[in-house]
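[1] what shape does this take:
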Amino acid sequence: MDSATKPNFPSNAALVVMGVAGCGKSSLGRACADALGWPLLEGDDYHAPESVDKMRAGTPLTDVDREGWLARLGQMLADRPQGAVLT
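    Numbers count the residues shown, from 1 in each chain. Next up is the predicted model:
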């Protein structure tokens, strides 16, 4: 993507790619991050160990399980004012 076609996002922008498991979030996120020159943050890498254990056991996470994870992801985006892609 050259400068003529690259979107002109605000300097503090973030792109969040969401969807169900296996739908291609990581592939799309990587392509967007590469095109924009932004870092890619894989949200699954930041779950608490207890949440990972629950998911491995096939136990769905609750909203309470996700609170800390979402707070971590929000802080990570806030700490990257140059832009980031989060899957």
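[2] please make it C-alpha for all contacts and neighbour counts, starting now.
    Noted.
[3] can you show me the helices along the protein?
    Remark: helices assigned in the chain by DSSP state H are 25-36, 49-56, 63-78.
[4] may I have the longest one exported as CSV, CA atoms only?
    It stands for helix 63-78. Once non-C-alpha atoms are left out, helix 63-78 reads as follows in CSV (Å, rounded to 0.1, in the frame of the first residue of the first chain):
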residue,chain,number,x,y,z
ASP,A,63,-17.9,-11.9,31.9
VAL,A,64,-16.0,-11.9,35.2
ASP,A,65,-13.3,-14.1,33.7
ARG,A,66,-12.9,-11.6,30.8
GLU,A,67,-12.8,-8.4,32.9
GLY,A,68,-9.1,-8.4,33.6
TRP,A,69,-8.3,-9.6,30.1
LEU,A,70,-10.3,-6.7,28.5
ALA,A,71,-8.7,-4.2,30.9
ARG,A,72,-5.2,-5.5,29.9
LEU,A,73,-6.0,-5.2,26.2
GLY,A,74,-7.5,-1.7,26.6
GLN,A,75,-4.3,-0.6,28.4
MET,A,76,-2.1,-2.1,25.8
LEU,A,77,-3.9,-0.1,23.1
ALA,A,78,-3.7,3.1,25.2
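[5] what's the local residue count around residue 61?
    By other C-alpha atoms under 10 Å, the residues close to residue 61 number 13.
[6] and the helices of the chain as CSV, adding mean neighbour count?
    Listed next are the helices of the chain as CSV, based on neighbours: other C-alpha atoms under 10 Å:
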stretch, mean neighbour count
helix 25-36, 17
helix 49-56, 13
helix 63-78, 14
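[7] and the ones you listed as JSON lines, adding mean pLDDT and distance to residue 86?
    Shown next, in JSON lines, are those (pLDDT from 0 to 100; distance: least, C-alpha to C-alpha, whole Å):
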{"stretch": "helix 25-36", "mean pLDDT": "94", "distance to residue 86": "7"}
{"stretch": "helix 49-56", "mean pLDDT": "96", "distance to residue 86": "19"}
{"stretch": "helix 63-78", "mean pLDDT": "95", "distance to residue 86": "8"}
